[in-house]
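below: sequence and its predicted model.
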Amino acid sequence: MTEAITEYRNENTKDIDLLSTIDMVRKMNEEDQIVAKVVGDEAPNIANAIDIIAKSFLKGGRLFYFGAGTSGRLGILDASECPPTFSVDPSMVQGIIAGGPKAILQAAEGAEDNFDEGKKDANILTDKDVCVVISASGNPKYLLGVLEKADEIGAATIAITCNSKGKIAEEAGHVICAEVGPEVIAGSSRLKAGTAQKMILNMLSTGSMIKIGKTYENFMIDLKAVNEKLKDRAIRIVSQIAGVTNSEALASLLKCDWEIKTAIVMNQLKVDTEEARLELRKHGGVLRKIINTQTV
C-alpha cells in the first residue's frame, strides 16, 4: 500500500527535539501558517459544498459528518455548536464517529478499518441529506463503507481530506482537499491536518446557515439567549438592527421569549409578538426579506 502523504517526514522539523521551547513553538507556528493558504486555495470547492448543503437544508435535508479519531471528533464539535449558534434542531447537523460515542473521549483506532460498521452507521441517511466524510489520509475503510451506503441511498457526498490520492477522494461526489504537507510530528494528523479540517468545517456550517437566512448582515440573529452573556448580546443585536434603545430591545425580547428575530420585527413593523411570528413564517424565517421589504 502506498504511504499516505500524511505519513511523510517533515524535513523542516527533524531537529525539533533539540530546539529550545520558544524555537519549538515558532517552528510549529511556521508550519501552521501553511494551513490558511492551503485552505484558501480550496475556496471554490468549499463554496460549492456550501451551496450543496444549503440546498439540502431548504428541502428539509440534514448534514452528517462522518470521521474516525480526530476527524470524527472535529465533526461532532462542529455539529454540536450549530443548535446554540443558529437555533436549529440537533438533528439538522449531526456528527458520527467510528467506534461510537465512546470513541469521542477514548481512542478507538481499529474502528476506522471497519467497512461494515461504516455502512451500518450510514443507514441514518436519506436521499435528501448531505454526507460529509472527513479524513486526513483519506483511506479509512469505515468511510468507504459510509460512502457506499450514501451512494446506494442517493445522498450527496462530500469528502474533506488532506491527501488527493486518498480513496475517499476517488469515491465522493465532491472533494475538498487541503494538502497541508507533512506534520511537525510525522503522522500526527491532529496538527496541521486537524486545523485545516476545523477551518473547513467552520466554513461549511456557517456558510450554509448564512445561505438559509440564519444571520442578518454579520449578526447572529438565531442564537439561543440561555445565559447572561447571550442575553446581553441579544439586546445589543435587537437594538442595533431595529434602531431602538437597549431598554426597548429588552422589553420586546421579554415579550417574545428572547426570540431575536421576532423582537426585531416587532420593533420594525410595530406589531405584537404573534403578528411578528406570522410575518417571519410568511418569509421562511428570513429577516432580510422583511427588512428589505420595509425599506424599499
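Sure, I can see it.

please name the nearest non-neighbouring residue to Ala111.
Gly99 (3.3 Å; C-beta to C-beta, 6 or more residues apart in numbering). (Glycine included, C-beta is placed from N, CA and C.)

wait, that neighbour sits on Ala108?
Yes. With contacts counted by C-beta atoms under 8 Å, Gly99 reaches Ala108, the gap being 3.2 Å.

buried residues in stretch 223-239?
Leu223, Ala225, Leu230, Arg233, Ala234, Ile235, Ile237, Val238, Ser239 (16 or more other C-beta atoms under 10 Å).

now do stretch 264-275
Ile264, Val265, Met266, Asn267, Gln268, Leu269, Thr273.

so which of Gly99 and Ala108 has more stuff around it?
The neighbour comparison of Gly99 against Ala108 (other C-beta atoms under 10 Å) goes to Gly99, with 21 against 17.

hang on, the more buried one in a helix?
No. Assigned with DSSP: H, G, I helix; E, B strand; the rest coil, Gly99 falls outside any helix and is coil.

distance of it from Gly194?
18 Å (C-beta to C-beta, to the nearest Å).

hmm, back to that, in helices only, show me the buried residues of stretch 223-239.
Leu230, Arg233, Ala234, Ile235, Ile237, Val238, Ser239 (DSSP state H).

which two from the residues you listed end up farthest apart in space?
Leu230 and Ser239 (14.7 Å; C-beta to C-beta).

ok, Leu58 to Gly284 distance?
Distance of Leu58 to Gly284, computed by C-beta to C-beta: 9 Å.

neighbour count for the two, which is higher?
The residue with more neighbours, out of Leu58 and Gly284, is Leu58; 13 against 10, by other C-beta under 10 Å.

helices of the stretch 51-200 of the chain, start to end?
69-80, 82-86, 102-105, 115-121, 141-153, 167-171, 192-211 (DSSP state H, counting those that start in this stretch).

tell me which other helices or strands the fifth one touches.
Counting contacts by 3 or more C-beta pairs under 8 Å, 6 or more residues apart in numbering; DSSP states H and E, helix 141-153 is packed against strand 63-67, helix 115-121, strand 130-135, strand 156-161, helix 167-171.

what about Ala251, neighbour count?
Neighbourhood size, Ala251 [other C-beta under 10 Å]: 15.

can you tell me the SS state at it?
helix.

so who does it touch?
Contact analysis of Ala251 by C-beta atoms under 8 Å, 6 or more residues apart in numbering lists nothing.

swap in 10 Å and give it another go.
Neighbouring residues of Ala251 by C-beta atoms under 10 Å, 6 or more residues apart in numbering: Val238, Val244, Thr245, Ala263, Met266, Asn267.

do you know the pLDDT at the first one?
Model confidence at Val238, expressed as pLDDT, equals 97.
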